[in-house]
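Asks: predicted coordinates and the sequence they were generated for:
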Amino acid sequence: MAEEEKLGATIAEFKGNPVISLPVSGSMRYPFTFGLNKAKAIIEYLDDIKKFIAEQEAQKEKEKESE
C-alpha cells in the first residue's frame, strides 16, 4: 500500500505575530497552531516529547493486549 501524502504546515499571522499550523491526524480541520516561543520550546524539548510518545504508545499497546 502506498503511503498517503503528508499535508503541509501553513504559516499565517495572528494579532500581528507569525504562527504555524500543523495538521492533526492527517486533517487541517482542527490544526495545532502555535507561535515562535512555543516552536522554540518544542525544539528544545523534542527528546522529552519523543520519550512521552513512546511511553504512551507502549502503555496503550499493553492495555490493548490485556483486553
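Replies: Nice, thanks for sending it over.

Asks: so Glu65 versus Ser27, what's the distance?
Replies: Per C-beta to C-beta, to the nearest Å, Glu65 is found 29 Å from Ser27. C-beta here means a position set from N, CA and C on the backbone, and glycine is covered the same way.

Asks: quick one: the helices in the chain, in order.
Replies: Along the chain, counting by DSSP state H, helices occupy 36-44, 46-65.

Asks: need those in CSV (columns: mean pLDDT, mean neighbour count and distance to Lys15).
Replies: Below are these laid out as CSV (pLDDT from 0 to 100; neighbours: other C-beta atoms under 10 Å; distance: least, C-beta to C-beta, whole Å):
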stretch, mean pLDDT, mean neighbour count, distance to Lys15
helix 36-44, 98, 11, 13
helix 46-65, 95, 10, 26
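
Asks: is it possible to get CSV of these that adds distance to Gly8?
Replies: CSV is the format used below for those (distance: least, C-beta to C-beta, whole Å):
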stretch, distance to Gly8
helix 36-44, 16
helix 46-65, 20
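
Asks: tell me which of these lies nearest to Glu5.
Replies: Minimum separation from Glu5 across the helices of the chain (C-beta to C-beta) falls at helix 46-65, 22.3 Å.

Asks: wait, which of the helices of the chain is closest to Leu7?
Replies: Among these, helix 36-44 sits nearest to Leu7 (C-beta to C-beta), with 18.0 Å.

Asks: CA atoms of that closest one as CSV?
Replies: In CSV, the C-alpha atoms belonging to helix 36-44 read as follows (Å, rounded to 0.1, in the frame of the first residue of the first chain):
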residue,chain,number,x,y,z
LEU,A,36,7.6,31.3,17.8
ASN,A,37,8.1,30.9,21.5
LYS,A,38,6.2,27.6,21.6
ALA,A,39,8.0,26.4,18.5
LYS,A,40,11.3,27.1,20.3
ALA,A,41,10.1,25.1,23.3
ILE,A,42,9.1,22.2,21.1
ILE,A,43,12.6,22.1,19.6
GLU,A,44,14.3,22.4,23.0
